[in-house]
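Engineer: sequence first, then the predicted structure, then my questions.
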There are 2 protein chains.
Amino acid sequence: MITGKNYIGNQLSAKGNNTYKTFNPQTNTENSSVFTEATSEEINLATELATSAFQSYSKKSGKEKALFLRTIADEIENLGDELLHVYTSESGLPAGRAMGERGRTLGQLRAFAAHVEEGSWVDATIDTAQPERQPIPKVDLRKMNVPLGPIVVFGASNFPLAFSTAGGDTAAALAAGCSVIVKSHPMHAGTGELVASAVIKAAEKTGMPNGVFSNLNSSGIEVGQQLVKHPQVKGVGFTGSIRGGRALFDLAAQRDEPIPVFAEMGSINPVVFLPEALHEGAESWAKTYAGSITLGSGQFCTNPGLLLGIKGERLNDFAQTLAEEIVKVEPSCMLHPNIVGAYNSNKSKAVSQEGLEVLADFKGDSKTNYGRQIVSKVEGKTFLNNPTLHHEVFGPFSLLVECEDKTQLEQILNKLEGQLTGTIVATDSELTLNSEIVSALQNRVGRIIFNGVPTGVEVCPSMQHGGPYPASTDSRFTAVGVDSIKRWVRPFSFQSWPNSLLPNELKNENPLKILRNINGNKTTDKI
Amino acid sequence: MITGKNYIGNQLSAKGNNTYKTFNPQTNTENSSVFTEATSEEINLATELATSAFQSYSKKSGKEKALFLRTIADEIENLGDELLHVYTSESGLPAGRAMGERGRTLGQLRAFAAHVEEGSWVDATIDTAQPERQPIPKVDLRKMNVPLGPIVVFGASNFPLAFSTAGGDTAAALAAGCSVIVKSHPMHAGTGELVASAVIKAAEKTGMPNGVFSNLNSSGIEVGQQLVKHPQVKGVGFTGSIRGGRALFDLAAQRDEPIPVFAEMGSINPVVFLPEALHEGAESWAKTYAGSITLGSGQFCTNPGLLLGIKGERLNDFAQTLAEEIVKVEPSCMLHPNIVGAYNSNKSKAVSQEGLEVLADFKGDSKTNYGRQIVSKVEGKTFLNNPTLHHEVFGPFSLLVECEDKTQLEQILNKLEGQLTGTIVATDSELTLNSEIVSALQNRVGRIIFNGVPTGVEVCPSMQHGGPYPASTDSRFTAVGVDSIKRWVRPFSFQSWPNSLLPNELKNENPLKILRNINGNKTTDKI
């Protein structure tokens, strides 16, 4: 049952006077639950609890944290159909997506559980003492990753489960040994509260300290600002707009003690189509991209918002088929009237730019809050000189840039802002012969794709989800996959520490049987 | 021979009008060479060259980079006695230290050479395709670390070789595949130019692109500011004061595209003395610390500036012996009259604080520019309430805090700013019984030491040199040891990429025979 209250540690609490409701974009009506914003006092209490919980939670073993994470997954499953129902009513997303995203969320939690249970992720590195070394003895030094402290996670609008309350950021931070305070996303506060109740239940069942997790409601920006400025908060995870992410980054950088903000923000995910590949498959690629551009109403961070090709008949064929195919797709519901509004206004702004030619614009019937797809075309030179066209239009929108030649294409790639992904559609020989284009694209992105689509982010260790700014605020980390745990830890060295008091990861006996670097060799051996 | 010019890539250049000289603090006279500050035009040219050099240098193999790094080390050795002579004349440090630091610098360059030649450091992670997977096929994904781009390195005043021109930051960035622009430290511009000439010679000998390295003279802050603001610069390494490091951090955070600044800054390196340990060895610990506090005239970032103990006879014994022993140490020359001046003024400010009692103050004869050691004492309560006493006094200074009891000691530890190191002097049973004190200390530091001194930073993989702010701007990385290469790279994923066009690190055949993570297993096997 949804109470509309905050979880301040294990306690439901609603001391504030500001309330709000969520909205069902499918029915175009408000949902009934009333949510109460966290007060300044509640925020401070959550942070105090998170700080004291961190003292004991940070010392939990990998096994204990794994049990907690798996129990969270089980408790989310136990929410059953109520969760799916609230999810769809707060997002307008279909039931199939709700189930798929729940599966992904459970998979993430269980993957982190396995990762910390196995334990080698701490990168244990040991150099043993050499008391006889000349001119000075060498001391015994042992290093491993330790958690940063309380982390604040901002839920994403477009992933009410997988990148929100118990999504990737939260799972990674809890796995690392950090306590977590979630700033719930106002568009799906009910989904958030249900998932939070599952986390709290799991924390109680597995004996985790009160304050290891809190969930704060907020419809504005003040709660988030207060959290990011709080001296006890040691890191921030965010998925959303460039404006929102940058504002948090700036706040965190201006603190007396700056803290890392890992914000995954905007991306237009450029796709380069080379001529031979289009010669072989213009029609098939056009159909594939009509699907990718409209997938989930274009509300994925890897949506292909920029298509680049070389002027000519083959590109014309591609453009024509794409235009024909994309209007055949039935529009689908967007997440919220505000998002539909922003989409329509950004789309209008983009297509009103000089030199833009609309190739396809869905004119059929569609319901309120549905995103109507549009594809337009512009010459390379015009694109180069108009920064507005480089901005993301969040929704089923894509812009085809007709480049004069490969030189101009390379010039455009070099001028792009940082991106999550870059895709190249080419024959094998085109890929080999155009290393400058590939290289220019590589410099701007975190993941490069050959003959595919950028949508679809596999959750696995080899995934890099994050790229040069503004795709993310720190390209040195990923937001997806078990390596995202690295955002929430710091290396820590013990010098000449008694073996019995070392963490198990660093003891001579290697009781956890993890892979360690000992005097330069990777081994699971004892010392 | 020292020309006083800048290295803009491989070219000596001195287009500016601002000149300066270095200073010999031992003789208290200026050195003869005249250095010309880099102009805005020269800075831009160095950055352009670094950007174009990055395109080819970033693709060099581990073997090629290793040869470059080893040749740099050889060329520094070839500078012979001239380097040692210039080093001592610009730093006031003794010849033994010059030789030791040169050895450390060569060792660092060669350690990074071995690290990138072996090659496993790129953390190659591969998940192979599963075309038959339901409900959707799994794509082939392969991830590895790639270099960030041109890096700016600011030389440190207190390590003219090991943390300057071709010191740890430069070696790590070049090893990662980044081009480097050094902002030479004005106090040892001649040492810097000699080392730069060795790097340039090595770059030419090993066929590295022009611009892979530049060395810019500057006596003020403008050259550094322009470099950090330059859009083509992708990262910054700095060792120095909190004020300097924070200013660069702020500049970098305010850029359109923020970039990481890795600044290793101030630290007072708290040392906790527990009663039983003092009971057993007050005298011996006092003698050891008299040495550690005055080592190198207190000009090490790990200098023990804060000693903490519990009020009582044992602490009195320790304090008395420390006071007696420390005045027996002969003062030594500090790096520069400005540093002596800052030391004297910070020392006066500290000892003039209310409640401070001077225990020992060297009153004997000493030369101009020599640092005269001082140790004072204060009560825990006074220390807690006076933030001035928490600030670093760079030089042979230490403050002993007499705590009422363990509760107050813990309270003080919790209130300290972030530190590079924390040390605990205790018996084994004291260490076991005082886990709250250990835990409080751990939360504030990057390295914790049992029964030792913080001075002496072993260059090895298990060293963490960096701690919570303001010890460093990003506690998630180390400034010492081969893992410092991680500051200058980002993970990058290839999706469905043809095997023959993948970097060698990710090819099926594993031609480099590196350790990789393949479908969740660490192995050197082929696929």
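Structural biologist: Arrived safely. Residues are numbered from 1 along each chain as shown, chains lettered A, B, ... in the order given.
Engineer: which elements pack onto the longest helix that chain A contains?
Structural biologist: Counting residues, the longest helix in chain A under DSSP state H turns out to be helix A:95-118. Where contact means 3 or more C-beta pairs under 8 Å, 6 or more residues apart in numbering or on different chains; DSSP states H and E, helix A:95-118 is packed against helix A:62-78, helix A:80-91, helix A:168-176. To be clear about C-beta, it is placed using only N, CA and C from the backbone, and glycine gets the same treatment.
Engineer: list the buried ones in it?
Structural biologist: By 16 or more other C-beta atoms under 10 Å in any protein chain shown, the buried positions in helix A:95-118 come out as A:97-98, A:100-102, A:104-106, A:108-113, A:115-117.
Engineer: how close does the closest residue to chain B within the stretch 251-400 of chain A get to A:L12?
Structural biologist: Ranked by C-beta to the nearest C-beta, the top residue of the stretch 251-400 of chain A for proximity to chain B is A:A253, at 3.8 Å. Remark: distance between A:A253 and A:L12 (C-beta to C-beta, to the nearest Å) = 34 Å.
Engineer: cool, A:P387 as well?
Structural biologist: 47 Å.
Engineer: the more surrounded of those two?
Structural biologist: A:L12 (15 against 10; other C-beta atoms under 10 Å in any protein chain shown).
Engineer: regarding the more buried one, what is its secondary structure?
Structural biologist: strand (DSSP: H, G, I helix; E, B strand; the rest coil).
Engineer: same question, the one 4 residues further on
Structural biologist: Per three-state DSSP, the secondary structure class of A:G16 is coil.
Engineer: got the phi/psi numbers for the nearest residue to it once chain neighbours are set aside?
Structural biologist: The shortest distance from A:G16 to any non-neighbouring residue, by C-beta to C-beta, 6 or more residues apart in numbering or on different chains, is to A:T39 (4.3 Å). Per-residue torsions, A:T39: phi -90, psi 170 (degrees, to the nearest 10).
Engineer: how close does A:T39 get to chain B?
Structural biologist: Distance, A:T39 to chain B, by C-beta to the nearest C-beta, to the nearest Å: 26 Å.
Engineer: likewise for A:Q225?
Structural biologist: Applying C-beta to the nearest C-beta to A:Q225 and chain B gives a distance of 17 Å.
Engineer: before we move on, the earlier item: for chain B, find the nearest of the helices and strands packed on helix A:95-118.
Structural biologist: helix A:168-176 (11.3 Å).
Engineer: that closest one - contacts with which helices or strands?
Structural biologist: Identification of packing neighbours for helix A:168-176 by 3+ C-beta pairs under 8 Å, 6+ apart yields helix A:62-78, helix A:95-118, strand A:141-147, strand A:151-154, strand A:180-183, strand A:235-239.
Engineer: and if we set it to 7 Å?
Structural biologist: Under the contact criterion of 3 or more C-beta pairs under 7 Å, 6 or more residues apart in numbering or on different chains; DSSP states H and E, helix A:168-176 touches helix A:62-78, helix A:95-118, strand A:151-154, strand A:180-183.
Engineer: what about the first one, distance to the chain center?
Structural biologist: Between the centre of helix A:62-78 and the centre of its host chain there is 21 Å, according to C-alpha atoms, centre = their mean, to the nearest Å.
Engineer: quick check: angle from it to helix A:80-91?
Structural biologist: Relative orientation of helix A:62-78 versus helix A:80-91 (axes from the mean of the first three to the mean of the last three C-alpha atoms, to 10 degrees): 80 degrees.
Engineer: only C-alpha atoms, please: export helix A:62-78 in CSV.
Structural biologist: The C-alpha trace of helix A:62-78 is given here as CSV (Å, rounded to 0.1, in the frame of the first residue of the first chain):
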residue,chain,number,x,y,z
GLY,A,62,30.7,-9.5,0.8
LYS,A,63,28.4,-12.4,1.8
GLU,A,64,26.3,-10.2,4.1
LYS,A,65,25.9,-7.5,1.5
ALA,A,66,25.1,-10.2,-1.1
LEU,A,67,22.3,-11.5,1.1
PHE,A,68,21.0,-8.0,1.6
LEU,A,69,21.0,-7.3,-2.2
ARG,A,70,19.4,-10.7,-3.0
THR,A,71,16.7,-10.1,-0.4
ILE,A,72,16.0,-6.7,-1.9
ALA,A,73,15.5,-8.4,-5.2
ASP,A,74,13.2,-11.1,-3.6
GLU,A,75,11.2,-8.4,-1.8
ILE,A,76,10.7,-6.4,-5.1
GLU,A,77,9.4,-9.6,-6.7
ASN,A,78,7.1,-10.1,-3.7
